[in-house]
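Colleague: Dropping the sequence and predicted coords here.
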Amino acid sequence: SIIQQLQAVACHVDIPPQTFSTHAAWDWEWFSLDGTNFLAVANNRDSGSNFDIDSMVYQWNGTALAVVQSIPTHGARDWEYFSINGHSYLAIANMQDNAGTDINSVLYQWDGTVFVAVQSIPTHGAYDWEYFSIDGSS
């Protein structure tokens, strides 16, 4: 995949053109965490029909986006970044593995260095996550 131009206005970052090694990428999630900018890419499958493939988290280093974490995913469709009470989370919607669509999606929490799996959620062909609040409750 190629980023032709990306302006992360809220983060005051202009990303120059850059090429990424992706695999049927479905979603790109840009977020800022503790003053650092990240881009998570949801890889769906390899060039064949292998859905058990890692997705990547990139970090802006001032000149380019560089891989900082590889996360095991299964037919990944969507990343969702959010924070609750000062804790930062990244959720992946896993659509399917090589055996079918009954596959757990996973919630990761930032530990100050990397995202660590904190909860697996049974899903069936998950396509999307959305963070929301109702009357101030998350």
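Modeller: On my side now, so go ahead.

Colleague: Point out where this protein drops to low pLDDT.
Modeller: 1-15 (pLDDT under 70).

Colleague: Next, please give the residue ranges for the strands of the protein.
Modeller: Taking DSSP state E as the test, the strands found in the chain are 2-3, 6-8, 13-15, 18-19, 25-33, 36-43, 52-60, 65-74, 76-84, 87-94, 102-110, 115-124.

Colleague: who wins for proximity to Ile134 among the ones you listed?
Modeller: Nearest of these to Ile134, taken as C-beta to C-beta: strand 76-84 at 13.5 Å. Placement of C-beta: from N, CA and C, glycine included.

Colleague: Next one: Thr73 from Gly62, what distance?
Modeller: 28 Å (C-beta to C-beta, to the nearest Å).

Colleague: before we move on, the earlier item: go through the strands of the chain and name the closest to Phe132.
Modeller: Closest among the strands of the chain, using C-beta to C-beta: strand 76-84, at 9.0 Å.

Colleague: Once you drop chain neighbours, what's closest to Ala107?
Modeller: Just to correct that, residue 107 is Leu rather than Ala. Closest residue in space to Leu107, ignoring its immediate chain neighbours: Gln119 at 4.3 Å, by C-beta to C-beta, 6 or more residues apart in numbering.
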